[in-house]
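Asks: only geometry, no sequence info:
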């Protein structure tokens, strides 16, 4: 095979490899991991400690909707080794980086009926999508 005939398939393979961006999921479970950098198309999984049996729930105050798209509702899971009613677990949300830009993802942990009382905890994370 001649050099030009080899260059065409090789060039096409390189172009397609460059066009595909890495889309490894990003797991986030602490504010100390912020700011978080994502590429368009990457999935972000946010997991925070939660115990709905106390009446406290995470409420999304700012969903960073200009850069993130929700992939579904909150999912609560209790630890498998705990069979105790009322034991703490974790709440998880999944997002996809939908467009470039910067935004704040903000959640507050409070009792839904006590909105006039300051949240017990706030999760505030800068999201940077390139």
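Replies: In hand now; what should we look at? Computed from a predicted structure; not experimentally measured.
Asks: Next one, pLDDT for the residue most central in space within the chain please.
Replies: Nearest to the mean C-alpha position of the chain, counting by CA atoms, centre = their mean, stands residue 44 at 2.8 Å. The per-residue pLDDT reported for residue 44 equals 98.
Asks: what's it in contact with, if anything?
Replies: Contacts for residue 44 (CB atoms under 8 Å, 6 or more residues apart in numbering) come out as 25, 26, 28, 36, 38, 68, 94, 95, 96, 97, 127. C-beta here means a position set from N, CA and C on the backbone, and glycine is covered the same way.
Asks: part of a strand, is residue 53?
Replies: No - applying DSSP: H, G, I helix; E, B strand; the rest coil, one finds residue 53 to be helix, outside a strand.
Asks: distance of it from residue 40?
Replies: 38 Å (CB to CB, to the nearest Å).
Asks: The residue nearest to the centre of the chain: which element?
Replies: strand 43-50 (DSSP states H and E).
Asks: And for the next helix or strand after that strand, what's in contact with it?
Replies: Remark: after strand 43-50, the chain's next helix or strand is strand 57-63, criterion DSSP H and E. The contact list for strand 57-63, computed with CB under 8 Å, 6+ apart, reads 48, 50, 70, 74, 91, 93, 103-112, 123.
Asks: low pLDDT regions in the chain?
Replies: Filtered on pLDDT under 70, the chain yields the residue ranges 1-22, 81-83.
Asks: Could you rerun that using 80?
Replies: Low-confidence segments of the chain (pLDDT under 80): 1-23, 79-87.
Asks: all strands for this structure, in order.
Replies: Per DSSP state E, the chain carries strands over the ranges 26-28, 36-38, 43-50, 57-63, 68-70, 75-77, 89-97, 101-110, 121-129.
Asks: what comes up buried for the longest one?
Replies: If I follow you right, that is strand 101-110. By neighbour count with 16 or more other CB atoms under 10 Å, strand 101-110 contains the buried residues 103, 105, 107, 108, 109, 110.
Asks: of all those, which two lie farthest apart?
Replies: 103 and 110 (21.9 Å; CB to CB).
Asks: How far away from the center of its chain is stretch 121-130?
Replies: With CA atoms, centre = their mean, to the nearest Å as the basis, stretch 121-130 stands 9 Å off its chain's centre.
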